[in-house]
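> below are the sequence and a predicted model for it; my questions follow.
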Amino acid sequence: MTPVELSRTVLCAVRRAVDDGELSVAVPARAVVTPPGPGGSGDYATNIALQLARPAGRSALQVAEILRSHLRDTAGVADVEITGPGFLNIHLEGSGATASLVREILQCRGGDAAARQGILRTGINGINGINSGPAVDSQRDVDSHRDVDSSTDPDGSTDADRDTDADGNTDIDREADVDSDARVDREADVDSDARVDREADVDRGADVDSDVHLDAATRRNSRPYGHAPTLQGRVIPLRVPYEIRAEVVADSLVRIIATQGGRAEVDHVRAGERVDLRPVPAPEDPAPLGADAARWALLYPAPHDRPRITADHLLQRESNPLFRVRYAHARARALGRNAGRLGFDAVPGDLADVTAADPLVRALAEYPNALTQAAAHRAPDRLARHLVAVADALLAFQHTVLPLGDEKPSAAHRARLALAVAAGTVLAGGLSLLGISAPDYL
């Protein structure tokens, strides 16, 4: 059962309670379902009882008890616990929760490609010399790759915990544990033919990981993962001053609000007129950083924080959040390529034996809520920070994906690969919403 399906299940439980006369409330349009927080338990939690307590004229604990009895009777739900003031903690049967989440993300990948061709092209074009929108233009992808990703130390090596060794291999590359053919994957990074292939993939909105066992028609018809109708039909005015950071924030919000079914209308206002967005201005022109690093420098800090316009955003180091996000995406793509060389592909399944998967699963499950909050609070920095959390969780998990030594690929490896591919999909989609490219090679 996916989070979307579980949200519908919670609403059905409310509707049954209303029909049985146990509650006298209007059934809400949606129920927020997230991984349980501190003190919680189970696979997912919802605050629907707290939301309905006042209109029902009951305490949240009483509402939670009523809804628990209906949720326990639902197929796929193993148990429901009540914690705190009335949070419902839902345990799903077996280990299907993670597999369902991964399957949902992968089924939406066709929708992600369509979105990159459609609503993600909306925005303010060419803001003060900083390109906006996703990397659907192949030349922009190559240029930004050159601007940001080629930063090296004077000796030609990247300076990070993931430094290259004397043989030119990174210590976190799982390819080195497989066979010598895997090194070809890194060599292709500078091969002109590989760049042409990547440009063609971006031009047609293709997803490079086409070997996932999912119905192609389902992928094409799916809504991108995390998109929801929370702002369906609403027009959101965004009046901004003539200032680079405010314009870049507004440009990203056009796409983020579109993921929630809304439409943002951006207008510039002069000094003294009312504005809807006024983040702390950039202290200097960020354009010399290049398109991707400049946008990240302006979007990652909270609106009330002054952005740092420094070369740190160009460094290929673990201390650079932008590098970690884009590197994690490139690693997800590399894992798919190397798994193909080993003769296996991604199939969502059981991950109960890998504790390193838990933080990544939680981060992926929370992505829809991060999008909703970024749109509701007009805060793309919330999305940027969540992408960092996904990237860090993926980088900690990636070492478990490929077989080691003489180990043969198994169902567990296929399930781990599916989770990594799903994380790469979320990272690519999130970066596109921020107008930042997600290169397959880094």
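Perfect, I can see it now.
> what's around Ala411, how many residues?
Close neighbours of Ala411, defined as other CB atoms under 10 Å, add up to 11. Bear in mind the C-beta positions are built from the backbone N, C-alpha and C, glycine included.
> ditto for Cys108
With other CB under 10 Å as criterion, Cys108 counts 25.
> for it, give its distance to Tyr225.
Using CB to CB, to the nearest Å, Cys108 is found at 4 Å from Tyr225.
> now the common contact residues for the two.
Thr425 (CB atoms under 8 Å, 6 or more residues apart in numbering).
> how long is stretch 235-252 end to end?
Using CA to CA, to the nearest Å, the end-to-end distance of stretch 235-252 comes out at 16 Å.
> which of the residues in that stretch are buried?
236, 238-241, 243-252 (16 or more other CB atoms under 10 Å).
> then stretch 409-417?
Ala412, His413, Arg414, Ala415, Arg416, Leu417.
> any idea which of these is least confident?
Taken together, the buried residues of stretch 409-417 show their lowest pLDDT at Ala412, with 89.
> SS state for it?
Of the three states, Ala412 takes helix under DSSP: H, G, I helix; E, B strand; the rest coil.
> okay, now Asp73: neighbour count?
What Asp73 shows, counting by other CB under 10 Å, is a neighbour count of 10.
> let's see the pLDDT reported for it.
At Asp73, pLDDT is 81.
> same check on Ala330?
97.
> that one: which element?
Following DSSP states H and E, one finds Ala330 within helix 321-341.
> is it possible to get TSV of the buried residues of stretch 409-417 that adds distance to Ala99?
Below are the buried residues of stretch 409-417 laid out as TSV (distance: CB to CB, whole Å):
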residue	distance to Ala99
Ala412	12
His413	14
Arg414	11
Ala415	7
Arg416	12
Leu417	13
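> from those residues, which two are the most distant?
Ala412 and Leu417 (9.7 Å; CB to CB).
> now the helices for the stretch 301-442 of the chain?
321-341, 357-365, 367-376, 380-397, 411-433 (DSSP state H, counting those that start in this stretch).
> got the buried residues for the shortest one?
Within helix 357-365, the residues that qualify as buried are Ala357, Pro359, Leu360, Val361, Arg362, Ala363, Leu364, Ala365, counting by 16+ other CB under 10 Å.
> wait, what's in contact with the third one?
To tie it back to what came earlier, the one meant is Leu360. Leu360 makes contact with Val390, Ala393, Leu394, Ala396, Phe397, Leu419, Ala423, according to CB under 8 Å, 6+ apart.
> would JSON lines of those with distance to Gly261 be doable?
As requested, those are exported to JSON lines (distance: CB to CB, whole Å):
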{"residue": "Val390", "distance to Gly261": "23"}
{"residue": "Ala393", "distance to Gly261": "28"}
{"residue": "Leu394", "distance to Gly261": "28"}
{"residue": "Ala396", "distance to Gly261": "34"}
{"residue": "Phe397", "distance to Gly261": "32"}
{"residue": "Leu419", "distance to Gly261": "28"}
{"residue": "Ala423", "distance to Gly261": "25"}
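> nearest to Pro321, of those?
Looking across these and measuring by CB to CB, the closest to Pro321 is Val390, at 11.6 Å.
> and the gap between the closest residue to Thr310 other than its chain neighbours and Leu433?
Closest residue to Thr310 apart from its sequence neighbours, by CB to CB, 6 or more residues apart in numbering: Ala297 at 7.9 Å. Plainly put, Ala297 is 17 Å away from Leu433 if you go by CB to CB.
> so Val33 touches Asn47, yeah?
No. Contact criterion CB atoms under 8 Å: Val33 and Asn47 do not qualify, at 9.5 Å.
> who's more crowded, the two?
Val33 (26 against 19).
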